Structure formats: C-alpha cells, structure tokens
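>>> Need coordinates for the following:
(one chain, ligands or ions: 2)
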Amino acid sequence: PQTIHLKDYAPFPWIVDRVDLTFRLSPTTTRVLARVAYRPNPEAGDGPFFLHGEDLRLISAAIDGTPVAPRITPEGLTCDVPDRAFLWEAEVEIAPESNTALEGLYMSGGIYSTQCEAEGFRKITYYPDRPDVMAPFRVRIESAAPVLLSNGNQTGRGDGWAEWDDPWPKPAYLFALVAGDLVAVRDRFVTRAGREVDLAIWVRPGDEGKCDWALTSLKASMTWDEETYGREYDLDIFNIVAVDDFNAGAMENKGLNIFNSALVLASPETATDRDYERIEAVIAHEYFHNWTGNRVTCRDWFQLCLKEGLTVFRDQQFTSDMRSAPVKRIEDALMMRSRQFREDGGPLAHPVRPEEFVEINNFYTTTVYDKGAEVVSMLKRLIGDNAWRAGCDLYFERHDGQAVTIEDWLRAFADVTGRDLSQFQRWYSQAGTPRLSVTEAWDGETLRLTFVQVTPPTPGQPDKGPQVIPLTMGLLHPDGSELMPSTTIEVTEATQTVDFDGAALCAKQGKPVARPVPSLLRDFSAPVILDRPLTTEDRAFLLAHDTDPFNRWEAGRGLAREVLMARATGTDFDDAAYLDGLRAVLSDPALDPAFKALVLALPSEDDLAQSLFDAGTTPDPAAIHDAAEIQRRRTAEALGDLLAETHAANATPGRYCPDADQAGRRGLANATLSLLSRTDDGARAAAQFAEADNMTQSLAALSALLNIGRGAEELSTFEARWSGDRLVMDKWFALQVMCAAPDKAADVARGLTEHPAFTWKTPNRFRAVIGSLAGNAAGFHHASGAAYTLFADWVLKLDPINPQTAARMSTAFETWRRYDPARQERIRDTIRRIRDTPGLSRDTGEMVERMLG
Ligand code: HT7
Ligand code: ZN
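Ligands and ions are numbered 1, 2, ... in the order given. So this is what the prediction gives:
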C-alpha cells in the first residue's frame, strides 16, 4: 500500500465552482448523477484530471454534454479535459445495502445514511475527494422514503423528492444525506443577530421521548459559542440524525450532523449520568465544528488536529463551564494519561500533526484529538486569555471559507502577540511524551528548582529538541498556607533552573522562614510526565493543603499508586497515609462530591501497568488486579462507617436530574457502594438494584455485584426488562465482560458472542463485547492467552466487513512490549497471525505492521 507524505502536498489543478447531485435511492442500485463545474486553478501546477472513486459502477460520463471514456482504476479515474472551464457529468451506481464498512452511502436499520469523513465521498461519486477542494452543493433526492435530508436549507419538496441547497462552500467530507422513516423532535433557536433557526433531532419512531437532553445541549452549545467566541450559526436549519450503525461517535456534516444513537438518546431510565455528560459534550463538539472545521477547514488530512484538537479544546471549555472545571480537568488528565501517554509511549506513537500515513482513518487518534487539545490549551495558557480571543478572532476573519494549515493557525497568534512560536510548533511535530525531572535545593533562603526535559525516541524520530513547557506552580509554607499566587513559568531549555526567594516570600506573609513546598504542574498545565521525588509525607501534605484541586487529587493519586505498585510487586507497604487521606477528603464538607469520587477511585490496572513499566519493572497483570482488589477490601474495612454514611447521604439526591450536582452525588454514592460491597456481601448493592429508578444507580449496583462474583439473578432481571432496548443491552453486554474475573473473561465474552442479540456487524455491539474484553486488563492479559486468541479471531472476522472498526480494535495490542517474555511472544504471534491473514484490509494491515515495528 502507498504511503502518503505531507511534504508531497500539491493543490488540485482545478477549482470546483458548483456541485449538483441527484440521488435515485434504492438499497441495491442507487443511481448518483453528478454535475460539477470545474475551471483551471491558476495557483496550481499542471497535473492530470484525476477524480477519486471507489466501488462505483460508472454508467456514463460527459464533458460539456459530449460523452467521454475515462480511464478507470480501483482508486479513481483520469480523463482528458479541456484547458478551460467545463461541466463534468457522470452517473454511477452504488449499493448502499451491501455497504457494511459504513463509509460512503450505507443503510442502517432501513435508513439511508452517509459517512464521508475522511474519504467516504469517493464511494458515492467520482470527485476530488480532498478537503482543500471546497464548493457549494445542491442536492436532489428521489425516494419514496418519508424523510429526505441533506446539507443546508431545503429549497423544494414534492411527492418522492426533495431538494437542498448548501450555500457555504464545503469539502466533500462534510456532505451528508439521510433518507428513511424518521420522526423529528423540534425546537427553535434565535441567534444573537436575530436569525431564526429550526432545530430538529431525527430519530426512529418510538425514540422521540429520548431527545430532550440532546436538544437542551444543542441550544446551550449555540449560546455558549456566541458568548465565548462570538460565533453564530449560519443556516436556517440545524438537523441532527441518530443512527444505530456508526463507526465513531458523531459527524459534523454541514447543517446535518449524524450521530451514533448512543450519543443522542437519553432518558433517566435508560442512560447513565456519564451518558448524559457525553451527549452534552459531543453535541457541543459537533456543533462547534461549524466554525472550527467547516467554515475554516483543513488543507489536507495531515492538518486534522487543526479542527479536532481545537474543537476538543472548545468542548472541554464548554463542559468546564457547564459543570465543574476542576473535575473536568482531572477527567481530561486521566484520559490523557491512560490513553494518549500509552499511545505516545508505544509503537503507534506519532506527532499531533503526522507527516505520513497509509490509511487516514487510522489517524483519528487520541494524540490528534486529545494531545491536540492540550497543545491548544498550552497556547492559551502561554499567551493569556485576551490574546487567545484576539488570535481566534483573527484566525476566523482571515481564513473564513478557506482550507488551512497549522502554520496559518499559529501565524494568527504570532501576529496578535508578536511572539515567536517556532519552538512551540514542536508540540505539533515531535511525537512522544516529554519527561520533566525536577530537583530542589534549599540553602535557607533561596529555593532552586532544576528542570531537565527529555522526550524519548519514537518511531522515525530518534532525536527530539526541547519543547516549551508551561509549568503552572505554587509554593506552600509548611504550615499549609500559600506563599505566592499560582504562576506559570516557561521551561524551554533541556536543563533550566528557576530560583525563588523563599525567605522573602515567607517574610511577606508574616511567616517564619522555612523551606517552601512546591506544588508543580498545577491544573495539569502541560501533557508531560513529571518526575519528582516525593515522599509519602509530601503527598499527604499536598493532599491536605494544596489549593489547586488538580494537584490535590494528584497527591491522593500518588498515595494510591505507591501502595498499589508496592503490593503488585510483593513489597510491604503501609497504607495508613493513603487511608488517612481518604478519610480526611471524605469527611470534608467543603469538597465537591464529584471530586471526592475521583479521589476514591483507584488508578486503573492499565495505568498501573504503565507506571510499573515506566519505573523499570515488568508489570504482572494478575498481581496488579489482586493488589487493587485487596486494597478495595482494606479500604472498605478501614473506612466502613464513613463509606456507609457517605453512601446513605448521596445515593438519592432527589428527583432525577442529570446536572453536575446530582451526578456528582450519585457518582460518590456509587464509588462507596462498590467498596462497601466488599464487606457487606453485596447487600446494599442488591437493595439499590431492586429500588433504582434510574440507569445510573441500576448499572452501578449491578456492576458492584458482578465485581464480587454475584449478580446472576440481577443480570437476568435486567435482560428481561431491557431486551428491547438496543442501547441498554449494549451496557448489559459490556458490563459482564468488564467485570468478569480474569480467568473467566474470555469465556464470558465467548459466551456472549453466542447470544442471539450479539449483532456483531453493529459497531456498538461489537465494541460492547469484544472491545470490553480489551478493557478488562487482567482478563485480556490472562496467562492462558485465551483472550488474545478470541480477540484476534473477532478482529479478523470483522475486518472484511468493517475495516475501520477492526483496525481501531487491533490497537488493543499496542502495549505488548510492556510485558514478560511469555506474554510478549504470545501477543507478537497473535499480531503476526493477523498480519499474515490473506486479504487483510489496508486499515488493519497498517496498524499491525506499525505495532510490530
Ligand atoms: N469529524 C468526525 C471524525 C470521523 C468520523 C466520524 C464518524 C465515522 C467515522 C469518522 N471518521 C472520522 C467526528 C468528530 O471528531 O467530530
Ligand atoms: Zn471532531
């Protein structure tokens, strides 16, 4: 397969002035007629007239009405064309019903739907399917289906047809069409400028009652983007459609967002608090793309982080504003460390802006999205809020309607601030997580911090230069008070020292002179690994006194980690400081329940495996699992009464509402319930399951029971009640695999693949069973190797049907080099088995080659 390089970028030699598409829909023989007005691009060099096209049956092609005979290959066609403006017409035939890859035009539960990002439009018609070719689209849909939707505004509707006009030039990846038997839940939004926008959420009949939250979230997003960034909506209609078969979470097609139904539909009985929060965030994310992605788009797919990193950053800001900012920051840091650091430290590491790819779908990664958002966040932190807003305004004003690059993005901020951002740009070009080591020296007066930054080699990048690390920090007096306001220092050198006049700071606060205690990387101000020798006492001190919520949580996390790492490696360790810390946090009435729940949660087993590996120890997944289980029991025994009180006080915060306050209280109650089950034999969990009137409490109770090896009866009750609800049943499938004991996980998953409701071609169901197996760390890495085999068998079965999802699944093996020789050999043989399978897709092929290195 061909590797595409960023350095080879060249503009398309023609400009597209207009696209007119007519669809005659049929499940097996849809006809697509394209009329496209081309003219030579004066800013591009010469080149062949090449149009992308895959799996299309060309019926006819003509230029200015004269039939032509293009040369067709599996990737597209070339044709001799005049050196002037001309009208291209082509008719093709496609079969949406047999499109199981879910790219292009496909059918999901009888509904026609499209997914064109990144390169799906080429499965609909012959076209320059690249993001820098932008054009206005008009669409005519002919079909007996009752609902016919496309981008933009509807301009005509008759019996069996509808016409749509999108006036905003867009790349083909933002094209969308939906047709089928759908019902709308409607609302209206008036923009700041007075534009009246009809909002509609389209769902399968019967799901109308589950759209309120998505609509509420959409209106909140529209208001927030006006207030925070001055960005308004620009069409008269905003449609969202929920479909069941979807490779990802959602898609920001212009004026017609298409969503995985799991990220739209919610009712208290069927969705958890976590689902509500995700729906709110993803609705916002796709809406925010209207400016960051659609109005200003990417020149090429190497620039993907330009829209995704920025839009994730914007949705994170939105969630912080709607809910708790500290809790959101901790959750984002957890996500970075568990997923992105893992990717950055393994064979799939790549820069936020990659420089080569085989299959672009493989680069919709946590590095591009989440590290991309962290890079945006650092930029804002470095230049300050006012310059941030001015730079964004300039970026939108300068590039509206254009397809641009990271250089264009950074230039807006360099121009606004006069700053040289060339070193900052390394965050986009260098892969790997910087490790920042800090040492302290105190001479009775001055506190000297010495920073050393190293970014380890990653595939194709042996040497790295130092990066600009914004390090937000504070200093605490040993009596627990703050000695100075939080400040951000810029670490830019490989080795750098910073001095603080500790004596003067103490004197200024009227305190006796004493060695200050630094609180570093507050608010997780940069995506780095902070290497800092802290004692248990230091951690306990910071947990008790730090005013930065992130670092307070971090200190508690550090205490938990040292206990678990010691236990997992067979070292004696006193957990008194950890338990005292938990006691203090749980008893503090001033702390947010959601924050308490985060402190109570142990680091995940995968996280611990990575920490041990980073510390030079080979992780043993079984020992890590046992260490965590033992600690949960010990915590339950030591804190029993306090946990019980906390559960009782928070479990039923009133009539169900998905807001942050109630969700935080339920989250805390459920964290305590899980611990209490270790000592009450599941009595409270069984009672909660029996009484729960919402999915959050029902599922948490079931999970608590399954985690202690009980809950068989409740599982059956749950199945009987929810067998008709596909989204709830996904939870039922996933929970059983996630909570299975390590030696049973593969068998549980295998058993579920034989369940009549295991509709494996639906990505949500596949992920619920097979994806969850990889999420059960001790089960996945069980020494028998049974889970590796089962997992690979299913990836191989899915691959010819849906390569995109299969490739993504295969990344479960990316950590294989962490483990002992026996496991390494097993996993390597499994990856090789996948690689050597005849007919393997380009998607999965690229992933396994990269993992083998
Ligand atoms: N921009 C979208 C990314 C995407 C995608 C969505 C659905 C199916 C396949 C997809 N491939 C890429 C979603 C987003 O980030 O907003
Ligand atoms: Zn996005």
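>>> Check the offset of stretch 245-257 from the chain's centre.
Distance of stretch 245-257 from its chain centroid, counting by CA atoms, centre = their mean, to the nearest Å, is 14 Å.
>>> so what secondary structure elements neighbour the helix or strand containing Asp393?
The secondary structure element spanning Asp393 is helix 385-399 (assigned by DSSP states H and E). Contacting helix 385-399 under the criterion 3 or more CB pairs under 8 Å, 6 or more residues apart in numbering; DSSP states H and E are the following elements: helix 372-383, helix 406-417. (Glycine included, C-beta is placed from N, CA and C.)
>>> Specify the angle between it and helix 372-383 in degrees.
Taking axes from the mean of the first three to the mean of the last three CA atoms, to 10 degrees, helix 385-399 and helix 372-383 form an angle of 120 degrees between their directions.
>>> from what I can see Leu727 touches Val264, true?
No. In this structure, Leu727 sits apart from Val264 without contact. The criterion is CB atoms under 8 Å, and the distance is 9.7 Å.
>>> So for the two, which residue has more residues nearby?
Neighbours of Leu727 and Val264, each counted by other CB atoms under 10 Å, are more numerous for Val264; the result is 29 against 23.
>>> can you pull the pLDDT of that one?
Val264 is assigned 99 on the pLDDT scale.
>>> Give the helix, strand or coil label for the nearest residue to it once chain neighbours are set aside.
Of all residues not flanking Val264 in the chain, Ala242 sits nearest, at 4.0 Å (CB to CB, 6 or more residues apart in numbering). Following DSSP: H, G, I helix; E, B strand; the rest coil, the label given to Ala242 is strand.
>>> So what's the residue count around Ala242?
Other residues within reach of Ala242, judged by other CB under 10 Å, total 27.
>>> For it, name its beta-bridge partners.
Phe259 (DSSP bridges).
>>> For Leu263, see how far away it is.
According to CB to CB, to the nearest Å, Ala242 and Leu263 sit 8 Å apart.
>>> now do Glu226
Applying CB to CB, the value for Glu226 to Leu263 is 23 Å.
>>> And these two? Which one has more around it.
Here Glu226 and Leu263 are set side by side on neighbour count (other CB under 10 Å), and the busier one is Leu263, at 24 against 15.
>>> All the strands of the stretch 351-500 of the chain, residue numbers only.
Using DSSP state E, counting those that start in this stretch, the strands found in the stretch 351-500 of the chain span residues 356-357, 403-404, 435-442, 446-454, 469-476, 487-491, 495-501.
>>> could you give the mean pLDDT of the fifth one?
Per-region confidence: strand 469-476 scores 98 on mean pLDDT.
>>> Just give me how far it sits from the chain centre.
Using CA atoms, centre = their mean, the distance from the centre of strand 469-476 to the centre of the chain it belongs to is 27 Å.
>>> Does that strand pack against any helices or strands, and if so which?
Other helices and strands packing on strand 469-476, by 3+ CB pairs under 8 Å, 6+ apart, are helix 372-383, strand 446-454, strand 487-491, strand 517-519, helix 536-545.
>>> Swap in 6 Å and give it another go.
Secondary structure elements in contact with strand 469-476, counted by 3 or more CB pairs under 6 Å, 6 or more residues apart in numbering; DSSP states H and E, are helix 372-383, strand 487-491, strand 517-519.
>>> Now do the contacts for Pro13.
Under the criterion of CB atoms under 6 Å, 6 or more residues apart in numbering, the contact list for Pro13 reads 41, 44, 47.
>>> how far away is Ala807 from ligand 1?
Applying CB to the nearest ligand atom, to the nearest Å, one obtains 12 Å for the distance of Ala807 from ligand 1.
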